[in-house]
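[1] attaching a predicted model along with its sequence, questions to come.
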Amino acid sequence: MTPTHDDRLDRARAVLHEHGMRATQQRVAVLAALMGQPGDATAQALHAQLRASQPSIGLATVYRTLATLAAEGVVDALQHGHGTCFRWCAPGHHHHLTCTGCHRVVEVRDCGVGPWAHQVAEELGFSGVRHVVELSGTCADCRAA
């Protein structure tokens, strides 16, 4: 069953509270809109969608809100051929594999980078190392077309 808009609004409020963030009207609206996307979305695309129901919401507000949500780890910001896109993802450590043809994004859970990154960091005197990996390629559907 697909969540309704009201369900997404309720979930957005809960997620913001779980992250210790205030559930402002703008944050709830932007996060709920992103939760309704089948993949990732640009700030411009979300802005266009939100303006249908909230004509006064500004593009700068959407950009600021997405940047804040990404900085707090609520959403993921992806850098790829389409510029910066944002994605509502399942919780937990993962990476993204993006199709260069159709722009489909797949979450990759199996990560072998951590041990290597920690070893390299330790050898170079670093601690608290984190990593982000973005993979791109052509999916089977695009190759078949």
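    Arrived safely, thanks for sending.

[2] and the residue of the chain most remote from its centre, how far from M35?
    For the chain, the largest distance from the centre (CA atoms, centre = their mean) belongs to E123, which lies 31.9 Å off. Remark: distance between E123 and M35 (CB to CB, to the nearest Å) = 41 Å. Any C-beta I mention is one placed from the backbone N, CA and C, and that applies to glycine too.

[3] now stretch 100-107 - C-alpha only, CSV.
    Output of stretch 100-107 as CSV, limited to C-alpha atoms (Å, rounded to 0.1, in the frame of the first residue of the first chain):
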residue,chain,number,x,y,z
THR,A,100,24.1,7.1,-16.2
GLY,A,101,21.3,6.4,-18.7
CYS,A,102,18.0,6.5,-16.8
HIS,A,103,19.2,8.1,-13.6
ARG,A,104,17.9,5.2,-11.4
VAL,A,105,19.5,5.0,-8.0
VAL,A,106,20.1,1.8,-6.1
GLU,A,107,21.2,1.6,-2.5
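
[4] quick one: buried residues of that stretch?
    Buried positions in stretch 100-107, judged by neighbour count with 16 or more other CB atoms under 10 Å: V105.

[5] try stretch 33-53
    Applying a neighbour-count criterion of 16+ other CB under 10 Å, one finds 33-36, 40-43, 45-47, 49-50 buried in stretch 33-53.

[6] contacts for it?
    The contact list for stretch 33-53 (CB atoms under 8 Å, 6 or more residues apart in numbering) reads 3, 5, 8, 11-12, 29-30, 57-59, 62-63, 66, 75-76, 78, 82-88, 103-105.

[7] mind running it again at 7 Å?
    With contacts defined as CB atoms under 7 Å, 6 or more residues apart in numbering, stretch 33-53 is touched by 8, 11-12, 29-30, 57, 59, 62-63, 66, 75, 78, 82-83, 85-88, 103-105.
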